[in-house]
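Enquirer: Output the structure for:
(2 chains)
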Amino acid sequence: MQLQLFVIILFLFSPLVPQENAGQFFSSGHTNNWAVLVCTSRFWFNYRHVANTLSVYRSVKRLGIPDSHIVLMLADDMACNHRNPKPATVFSHKNMELNVYGDDVEVDYRGYEVTVENFLRVLTGRLPPSTPRSKRLLSDDRSNILIYLTGHGGNGFLKFQDSEEISNVELADAFEQMWQKRRYNELLFIIDTCQGASMYERFYSPNLMALASSQVGEDSLSHQPDLAIGVHLMDRYTFYLLEFLEDIHPSSKANMNDLFKVCPKSQCVSTPGHRTDLFLRDPGSALITDFFGSVRKVEITMETINLTEPIQQVEQNFVNEERQKETYSYVDQLPVSEIIHQKPKQKDWHPPDGFILGLWTLILLVFFKTYGMKHLKHIF
Amino acid sequence: SLCKSVIYGIITYRRRGQLAALSIAAVVIIVGVPLWWRTTETYRAWLPVSQINELSNLQLQLSAEVEVVFARGTVTPEQQKKVPLTQIQDEEHTVDEDTALRYRYETKYRTATIMEEDALNQPTAAEADLSLHTLSESPCGSLVVYVIPESSSLLPEDMDVYVGQRRTALLRIGAQMRVGKTLDQLLAHLEPRIKQVLQVMSFSHTDISAALSDRVRLSPGNKESIADSMRTFKSSPGYEITFSLLNPDPKSHRLHWDIEGAVQTYIQPLLTKLASVANFSIDSQTLYYAMLGVNPRFDSSLSAYTLHSDSLAHVINPVEARLGSNAASSNPVLNFLLYVPDAHHSPLYIHDRKKQEVPSNAFHSPRWGGIMVYNVNGFYGPEAVFPVDVNINMAKVMGVFLAQLRLLLGVQSSTAPSGFLVAPCGSNGLADWELDRLMWSRSVENVATATTTITSLAQLLEQIGNIVINDNIAEQVSSAVTSLQLAVAELETGNLRFALQYSKEAILASERAFFDPSLLHLLYFPDDQKFAIYIPLFLPMCVPILLSLLKIVSDARQKRREKQAKKD
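Expert: Down below sits the predicted model:
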């Protein structure tokens, strides 16, 4: 019996020795990381939502995901808001301990560009061809994506910009379309809103893991106000999430089970929830850095090619081609001369407005009613 | 008479009322409902759904032509009488319930011509390969295998097969084949070797099933093939290649690299040969004060700095933030970085897991690119005046980058079976049969991706009834379907070049249709919202009509009852 066990163990370990390079690939199956961080609310009193998003952005950048792989959507500009007593800063801790705005924030969608339509377009990839690279989610089938949403939400919806909402069915359908086109390998969805757990109830695509800050019927509460700035700075769940992430470094081996323990009810007041039934791997084997960081797989280059030809000089073809020097000039951005010497605008004739027509009709009707039709011939 | 007229008026009044109610109901149902339906329906152009459903069940046939040429001394005169001969073999594989593969090998056997015999008499295999190529050029996707006698000196002792740079292979016949065996036995003896040659030079089942990964998520079978599929970039119509020179210490080193010339001489031939597979655009840049982000350790035994392979994974991220990319295109980017260590940390060597020095001093990251460390401390002595001018040896650098490029594009094949001698790739970095391999797997990958895209698009549009399907989308879908059907047909007949072209067109059309910005499913209306909109509009209008219809029915019933009572 023991001999059999020993032989089995020997067989298990022997394939590891020759296939060293291939071995490191199999823990997660992804080769690159993306993050989509969205803050959906505007107005000064929703400062905390922008601070939430920026603190997650900061952690994700610190752990290695470059700006080219982060799509950051902020619905309002708190750093340059007129009411900000410390302009160009967004603080996440009271007494202004930590400025999460920093010097190198790259906001891809700002202000009114953050709409449900644009968010769904980014996720599904259906952007107009003129969209620049920084505004696109160019993930492939080996990308792990982190999606973080924060704002005001309710049972089954999340409010965008105080004027529209995205429902959990639309979100689930968007993820399904991403899966159909193989736009992700694994996806981690974190939402910090009231009744956040309702947003992941309808997911049905494989390889999704979701975390929410509160269950249906509960409100997510904010953490602490700063009396100098005058608003609440962070939400509780993201505050403790940020504290947890500050302990993670790029070679950390902490896994998702630790992430589920972040912000218990005693600290958060609401009950955070998570959903892992659609995730194919065991959450204990998924590292935090699989989603929050960007640890690249690396292989040593064993072979080289022996090149013996000398370098051909690239000929500068200035002699033969007569480069016609076209003079270019800039178009006036602000045509000052036209503004100063303004010609009167020729007004096109418009037929009379409906209001004027209606008014005249009313007057005519009243006239003929009082005086009778026989006066008609006096008019025409 | 007054009574009569009153009663008459009452009856006709009721009759008028009934007629009015009935006519209003008729107008609502006959005119109103169709009008409301037409004005609220979304425009959906016609899609070839039946053809799409046919395509979802993919039956691919790949045909390869092999010509087996017997040199003098390999066949006896009796066997020679039965040659020339053509055989067709089919190999079926079922990948899953929707996908089936069939490999068809058409083998033509013949004897060598006099000119081919002369060519095979060259001293080395490489020269024989060259002169055979000058005689005839095999079309894309086909192979020629020359069977040479055991006594031939072209191959070394332990090698049986030589794979050339174009589409020819030399196969040495085994010692067991003595005079007296029949042709069938000879062919049966050769068959396993020829099959191996086909797997190396044409397509193998592992490659093709890896190419189908978009359709079929395979469970981890062969670890090497999974690593291969994770490493190579997915098929894309274009790629961008960026060469970056990282100089962290401009105060000490003034680096000169002739990147334009090097690209023109060494990289461009490969890319020109790959032009049928994808478009490439190349740029280059120099970055100053770009550090590695990892501290190398000083190894006193080598008196050099070393980077262990475990820390290599953390090198890329700090650098990537500074690399930049072409904002105008969404093509995948391959980055090749040349890092020249600063004077205080020179020389810098990369060590693998076994603490051995890596000869190329380079590493690569799957689906990203490669980094090479180039030490320049050997070019100047300790008394040099800084900054020192250094000319970088581009041939050495490009040798490494070219190898990495081949790996990342999927050109490099896995290790050949034992007894195979593979010729090094030519001056343009790519052997013809490697190109064929790439074209086979790219065609299959494109076909698989395009079919999944089209079928999922059709499913999506069917499921969500509210999405508007414009004419241009329908056109793209139809053209994708046509191109797919053509690509599958061309694969069946073995026209590799056309198959690849059609598969590329199919993928472009299907991606354009799937990612069209107008297909945004924003029209999700939950049922309670639909009721909330329509009830205030229709209910006030329908209530009087319904009530009057009910009244008509109850009146008619009462009249019938009265008639019954009268009869009785």
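
Enquirer: what's the following helix or strand after the least confident helix or strand in chain B by mean pLDDT?
Expert: Sorting the helices and strands of chain B by mean pLDDT, DSSP states H and E puts helix B:223-231 at the bottom, at a mean of 72. Under the assignment DSSP states H and E, the closest C-terminal helix or strand after helix B:223-231 is strand B:238-247.

Enquirer: so what strands line up beside that next one?
Expert: Strands adjacent to strand B:238-247 in the sheet, as given by DSSP bridges, are strand B:279-288 (parallel), strand B:333-339 (parallel).

Enquirer: Can you give me the buried ones in it?
Expert: Applying a neighbour-count criterion of 16 or more other Cβ atoms under 10 Å in any protein chain shown, the buried positions in strand B:238-247 are B:Y239, B:E240, B:I241, B:T242, B:F243, B:S244, B:L245, B:L246, B:N247. Every residue, glycine included, has its C-beta placed from N, CA and C.

Enquirer: any idea how far B:N428 is from the fourth one?
Expert: Relative to B:N428, B:T242 is positioned 21 Å away (Cβ to Cβ, to the nearest Å).

Enquirer: cool, the second one as well?
Expert: In this structure, B:E240 lies at 20 Å from B:N428, with Cβ to Cβ as the measure.

Enquirer: just the fifth one next, same as before
Expert: When Cβ to Cβ is the yardstick, B:F243 and B:N428 sit 18 Å from each other.

Enquirer: Contact partners for A:D141?
Expert: For A:D141, the residues meeting the contact criterion (Cβ atoms under 8 Å, 6 or more residues apart in numbering or on different chains) are A:R182, A:R183, A:Y184, A:N185, B:S213, B:D214, B:K234.

Enquirer: how about 6 Å then?
Expert: Shown here is A:D141, whose contacts under the criterion Cβ atoms under 6 Å, 6 or more residues apart in numbering or on different chains are A:R182.

Enquirer: That one belongs to a helix?
Expert: No. Using DSSP: H, G, I helix; E, B strand; the rest coil, the secondary structure at A:D141 is coil, not a helix.

Enquirer: Distance of it relative to A:H69?
Expert: 16 Å.

Enquirer: And B:I467, by the same measure?
Expert: Remark: distance between B:I467 and A:H69 (Cβ to Cβ) = 30 Å.

Enquirer: now swap in B:L338 and tell me
Expert: Relative to A:H69, and taking Cβ to Cβ, B:L338 is found at 23 Å.

Enquirer: Looking at these two, which one has more neighbours?
Expert: B:L338 (26 against 23; other Cβ atoms under 10 Å in any protein chain shown).

Enquirer: What residues are bridge-paired with that one?
Expert: Partner residues in beta bridges with B:L338: B:L245, B:M372, with DSSP bridges as the criterion.

Enquirer: From what I see, it and B:L245 are in contact.
Expert: Yes. With contact taken as Cβ atoms under 6 Å, B:L338 and B:L245 are classed as touching, separated by 5.1 Å.

Enquirer: before we move on, the earlier item: dump the buried residues of strand B:238-247 to TSV, plus pLDDT and distance to B:V397.
Expert: Shown next, in TSV, are the buried residues of strand B:238-247 (pLDDT from 0 to 100; distance: Cβ to Cβ, whole Å):
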residue	pLDDT	distance to B:V397
B:Y239	93	20
B:E240	92	19
B:I241	94	14
B:T242	93	15
B:F243	94	9
B:S244	94	12
B:L245	94	9
B:L246	93	13
B:N247	93	14
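
Enquirer: Pipe these into TSV and attach distance to B:S131 per row.
Expert: Converted to TSV, the buried residues of strand B:238-247 look like this (distance: Cβ to Cβ, whole Å):
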residue	distance to B:S131
B:Y239	36
B:E240	39
B:I241	35
B:T242	40
B:F243	37
B:S244	42
B:L245	42
B:L246	45
B:N247	47
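
Enquirer: Would you enumerate the residues in contact with residue 284?
Expert: You didn't say which chain, so I picked chain A. A:N255, A:N257.

Enquirer: that's the wrong chain, I meant chain B
Expert: Under the criterion of Cβ under 6 Å, 6+ apart, the contact partners of B:S284 comprise B:F243, B:I259.

Enquirer: switch the cut-off to 7 Å
Expert: The contact partners of B:S284, by Cβ atoms under 7 Å, 6 or more residues apart in numbering or on different chains, come to B:T242, B:F243, B:I259.

Enquirer: is it true that the second one touches B:I259?
Expert: Right, B:F243. Yes. With contacts counted by Cβ atoms under 7 Å, B:F243 reaches B:I259, the gap being 5.8 Å.

Enquirer: returning to what we had before: can you tell me which of the contacts of B:S284 is nearest B:L484?
Expert: Distance to B:L484, by Cβ to Cβ, is smallest for B:T242 among these, at 33.2 Å.

Enquirer: mind listing the strands for the stretch 251-380 of chain A?
Expert: Listed in chain order, the strands found in the stretch 251-380 of chain A under DSSP state E, counting those that start in this stretch are A:273-275, A:299-300.

Enquirer: And the helices in the stretch 251-380 of chain A, which stretches?
Expert: Secondary structure of the stretch 251-380 of chain A (DSSP state H, counting those that start in this stretch): helices located at A:256-260, A:265-268, A:336-340, A:354-371, A:376-379.

Enquirer: which of these sits most buried?
Expert: Among the helices of the stretch 251-380 of chain A, ranked by average contacts under mean count of other Cβ atoms under 10 Å in any protein chain shown, first place goes to helix A:256-260 (a mean of 18).

Enquirer: Would you mind pulling up the elements that that one packs against?
Expert: If contacts are counted by 3 or more Cβ pairs under 7 Å, 6 or more residues apart in numbering or on different chains; DSSP states H and E, helix A:256-260 sits against no helix or strand.

Enquirer: one more time with 8 Å
Expert: strand A:208-212 (3 or more Cβ pairs under 8 Å, 6 or more residues apart in numbering or on different chains; DSSP states H and E).

Enquirer: in the following helix or strand past the strand it packs on, what counts as buried?
Expert: The C-terminal neighbour of strand A:208-212 among helices and strands, as given by DSSP H and E, is helix A:236-246. Of the residues in helix A:236-246, those with enough neighbours to count as buried (16+ other Cβ under 10 Å) are A:R236, A:Y237, A:T238, A:F239, A:Y240, A:L241, A:L242, A:F244, A:L245.

Enquirer: how about the nearest residue to the residue in the stretch 301-450 of chain B that chain A sits nearest to, chain neighbours excluded?
Expert: For the stretch 301-450 of chain B and chain A, the shortest gap (Cβ to the nearest Cβ) falls at B:N317, measuring 3.9 Å. The spatially closest residue to B:N317, leaving aside those adjacent along the chain, is A:G64, at 3.9 Å (Cβ to Cβ, 6 or more residues apart in numbering or on different chains).
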